[in-house]
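**Student:** just a sequence and a predicted model for now, questions to come.
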Amino acid sequence: MAIQTRRRVFDFKALSYRERERKVELLSHGWWSSTTKEQLKTPCVFRWYASLQGEERPTLASDPSAKDVVYRYDWAFGIAVIEGFWWDWQEHLRDESAIAVQILLEPIDHPPEALPVSATLSGLSPSRNTRGFWEQVAAKVPRAAADVAKASEWVVPHVGMVSSPLLLASSVLESQSGEKKNWFLYQFLDEYKRCPCVEWRITKNALKEYGTLLRGSLFLLFSGSNEASRGRLRVSLRPMIGYYPKDEICYIAPSNEWGPDEQLFIDVEPRDGL
């Protein structure tokens, strides 16, 4: 296996962040050492962390309906503010679509198909207001299942494992706590990249409950034949934040300011055989 990890920490300021015509200005490394709020003309400065990790050379599934190999692609996304430029960035977030984290599946040179099988969002429990994960499931989970769980497993040889022992390897953040929504999944066709996209929509409530460093996993099965498809698939990460109250898909997306080679991505080249 060849596990690739890509990480990035970057700063930017958000201009007119609560308006439809929002703007982003990327800040160069070390900008804060000689800059004042007056020079920035806005306190709305972010520091974001993003990472993406997964297999570069996954094995092709012989039959999508069979119990084939599933591969896990993990992402992390965190938000911070900088000493001297502090501001309450959570106050005006939208309640329902505060954060969107997207994984784009962009085909390059006709690769085999990447089929999303499952996805999770992880959190550390006990959180601010909920019982711990093991407190909730201990009465109904056999000890044998807990012993099987391996947080380091990148390849799941059986699709059924996605929904049982693998999920026990971390504290899976429930989609809803009581009557409060935490997150949901959404799939669509990206209009600019012209490729499939899987999106985690995360609520303001979840940020306050579980913290501002988020982690998720997408499980993919690769279907096809290298004889007919020998291209690559670009798996890329695009985190976004939402303030404009009248449109739930109006987000601030600083990665749109990066060039193609600056994006956070893993180029995946599926192969035949184990």
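**Tutor:** Now that the structure is in, tell me what you want to look at.

**Student:** tell me the SS of W32?
**Tutor:** Under DSSP: H, G, I helix; E, B strand; the rest coil, W32 falls in the helix class.

**Student:** go ahead and confirm it touches W86.
**Tutor:** No: with contacts counted by CB atoms under 8 Å, W32 stays clear of W86, the gap being 11.9 Å. The C-beta positions use only the backbone N, C-alpha and C, and glycine is treated the same way.

**Student:** show me where the stretch 101-250 of the chain has strands.
**Tutor:** When assigned using DSSP state E, counting those that start in this stretch, the strands of the stretch 101-250 of the chain occupy the ranges 113-122, 155-156, 176-177, 180-181, 183-189, 196-202, 213-223, 232-241.

**Student:** each with direction, which strands does the fifth one pair with?
**Tutor:** Take DSSP bridges as the rule and strand 183-189 pairs in its sheet with strand 196-202 (antiparallel).

**Student:** next one: the partner strand to chain centre, how far?
**Tutor:** From the chain centre to the centre of strand 196-202 is a distance of 8 Å (CA atoms, centre = their mean, to the nearest Å).

**Student:** can you list contacts of that strand?
**Tutor:** The contact list for strand 196-202 (CB atoms under 8 Å, 6 or more residues apart in numbering) reads 96-105, 114, 116, 119, 121, 182-190, 214, 216, 218.

**Student:** quick one: buried ones out of those?
**Tutor:** Among the contacts of strand 196-202, the ones that count as buried by 16 or more other CB atoms under 10 Å are 97-105, 114, 116, 119, 121, 182-183, 185, 214, 216, 218.

**Student:** list the buried residues in stretch 248-259.
**Tutor:** For stretch 248-259, a neighbour-count test (16+ other CB under 10 Å) marks 250-252, 254-255 as buried.

**Student:** actually stretch 203-211, sorry about that
**Tutor:** If you call a residue buried by 16+ other CB under 10 Å, then stretch 203-211 has these buried ones: 203-207, 209-210.

**Student:** so of those residues, which ones are in helices?
**Tutor:** Among the buried residues of stretch 203-211, DSSP state H puts 204-207, 209-210 in helices.

**Student:** could I get those residues in CSV, plus columns for distance to L27?
**Tutor:** Formatted as CSV, those follow (distance: CB to CB, whole Å):
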residue, distance to L27
K204, 25
N205, 30
A206, 27
L207, 23
E209, 30
Y210, 28
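
**Student:** can you put those residues in a markdown table and add distance to D267 and pLDDT?
**Tutor:** As requested, these are exported to a markdown table (distance: CB to CB, whole Å; pLDDT from 0 to 100):
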| residue | distance to D267 | pLDDT |
| --- | --- | --- |
| K204 | 34 | 95 |
| N205 | 36 | 92 |
| A206 | 31 | 91 |
| L207 | 31 | 93 |
| E209 | 35 | 88 |
| Y210 | 31 | 89 |
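
**Student:** in the sheet, who's paired with the nearest residue to E113 once chain neighbours are set aside?
**Tutor:** Using CB to CB, 6 or more residues apart in numbering and skipping the chain neighbours, the partner closest in space to E113 is S223 (4.8 Å). Listed by DSSP bridges, the beta-bridge partners for S223 are A61, E113.
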